[in-house]
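# model the following, please.
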Amino acid sequence: MNAIKWFTLPLLLLGLAGCASYYPIAVDVSPSVEVGGGVYRGQAIALSSRDGRANDFIIQIEQQGKSPVVVGAANNLKVQLEQALAQGLSTQGAFIEQGAATRIDMELQEVLARVIRGHISYDVVQQLRLQLTLERGGRTLTKQYRRSAQEEFPGRLHPELDKVKEALNKQLSLMVQDMLADRDVQNFINGG
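So this is what the prediction gives:
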C-alpha cells in the first residue's frame, strides 16, 4: 500500500504541474515578403527600427473569470520586421547601407492578438500599428500603417497557438507588403 502512495504522488504532482504551464511563454514570429523588382535603381537606404510598444507580449489569452495569459515573441520582433523590410527593399532594387543619405526609421507601436474564448470556439482579434519615418536632405515623410483582423478558430479547451501565430505572421507580412507597395514611400526614395 505504501509503495502505491509513493508511486502515485509524483504522478499527481507531475500532472498538476503540466496544467499550470499549458501555454508556452513565447512563440516564433517570422513575417515574410513577396515583392517584385524594378522599383528602385540602386538607391542606398539606411534602415533602423525601434520598439515603442507599451507591452512586449504579442498574444493575450482571455477567459471569463480568469486572469489573462500573455505570450511573447521567442525572437526579437523588431529585428524580424526590419529584416523583412530590408529584404523587400533589396528585392525591389535598393541597397541597405549605414550612412546612406536616405534614412528610414520603423517604429513598432502595437502588435497584439487577443484570443477571446467563446462557447465552442475562440475569436482572435489582431491589432497592428507601425510607423515609418523617411528622411533625406531636410525633407521628412511620416506614414502610419494599421492592420486589424478577426478570425474564429474551433476549440473547446485551449486555443491552438500555432493557428494564432500563423494568423499573426500573415498580418505582419501583409503590413510589410503595404509598406513596400506604398507609392509615397517609393516616390520619396526615388527622389520624387
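
# ok, and the closest non-adjacent residue to residue 144?
Leaving aside its sequence neighbours, residue 144 sits nearest to residue 131 (Cβ to Cβ, 6 or more residues apart in numbering; 5.4 Å). C-beta: built from backbone N, CA, C; applies to glycine.

# just the element for that neighbour, please.
strand 121-136 (DSSP states H and E).

# could you list the paired strands of that strand along with their orientation?
strand 102-117 (antiparallel), strand 139-154 (antiparallel) (DSSP bridges).

# pull out the buried positions in it.
By 16 or more other Cβ atoms under 10 Å, the buried positions in strand 121-136 come out as 122, 124, 126, 127, 128, 129, 130, 131, 132, 134, 135, 136.

# next: stretch 102-110.
102, 103, 104, 106, 107, 108, 109, 110.

# from those, pick the one nearest residue 83.
Nearest to residue 83 out of those is residue 106 (Cβ to Cβ; 10.9 Å).

# how many neighbours does the spatially closest residue to residue 160 that is not a sequence neighbour have?
In space, and not counting its chain neighbours, residue 160 is closest to residue 153: 6.6 Å by Cβ to Cβ, 6+ apart. Each residue near residue 153 was counted by other Cβ atoms under 10 Å, and the total is 15.

# okay, now residue 142: neighbour count?
Residue 142 has 11 nearby residues by other Cβ under 10 Å.

# pretty sure it contacts residue 130?
No - using Cβ atoms under 8 Å, residue 142 makes no contact with residue 130, being 11.5 Å away.

# show the contacting residues for residue 167.
Counting by Cβ atoms under 8 Å, 6 or more residues apart in numbering, residue 167 makes contact with 113, 124, 126, 149, 151.

# noted, bye for now.
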